[in-house]
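Visitor: one predicted model, sequence on top.
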Amino acid sequence: MTGSVPRLTLPPLSAAGPGTLYQQIIDGLKREVSEGRLAPGSALPSFRRLAEQLMVSVITVKRAYEELEREGIIFRRQGLGTFVADAAADRSRDAKAARARELLREAVREATEAGLAGRDVLHLLHAILHTQTEPKHVRKRG
C-alpha cells in the first residue's frame, strides 16, 4: 500500500452533469484507475478531505466509496484508510467494456428504429471510429 495520498484530478462535479454527484465521483475514480493515474495500493483521500476538494457532502463521497468497494475497485482498512485494489484496473476496464456493449446495443436499436440497415450502421460506426482515431493535426486533402 502506498502511504502518500495523491491529490485526485477528477473533473469538476456538477448537479447539471451526467448522473448523480456520487456517480460522477465513481466514474472519475474509475477513469483515474483505468488510465493508470491511480496505481494499485495507492491511498485515496479520506471522505472528509475529498468532500472538501470536490465541494460536496461527506455522504456523497461515502456513497461513492461504498459503491467502488462493492465493485472491488477500492478497499478500506480500519485505521489506515482507503486504497486502490490490486485488480482495480481490470475491474474498471471490464465495467467500461460492459457499458460500451450496452451503449452499442442501444445505438443499434435506435439506428434500426430510424430505418438504417445493418450495413448503414457499420458504415456509421466505421466513420465514427475513423474520426476518433485519426490524428487531429492531419488534414485530408480534398
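Guide: Sure, I can see it. Residues are numbered from 1 along each chain as shown.
Visitor: now stretch 67-75: buried residues?
Guide: Buried residues in stretch 67-75, counted by 16 or more other CB atoms under 10 Å: Glu67, Leu68, Glu71, Ile73, Ile74, Phe75. Placement of C-beta: from N, CA and C, glycine included.
Visitor: might one say that the fourth one is in contact with Arg31?
Guide: No - at 11.4 Å, Ile73 and Arg31 do not qualify as touching, with contact defined as CB atoms under 8 Å.
Visitor: pLDDT, secondary structure and distance to Ala114 for the buried residues of stretch 67-75 - can I get that in TSV?
Guide: Listed next are those as TSV, based on pLDDT from 0 to 100; DSSP: H, G, I helix; E, B strand; the rest coil; distance: CB to CB, whole Å:
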residue	pLDDT	secondary structure	distance to Ala114
Glu67	95	helix	34
Leu68	95	helix	37
Glu71	90	coil	34
Ile73	92	coil	36
Ile74	95	strand	41
Phe75	95	strand	45
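Visitor: return the member of those nearest to Leu104.
Guide: Glu71 (21.5 Å; CB to CB).
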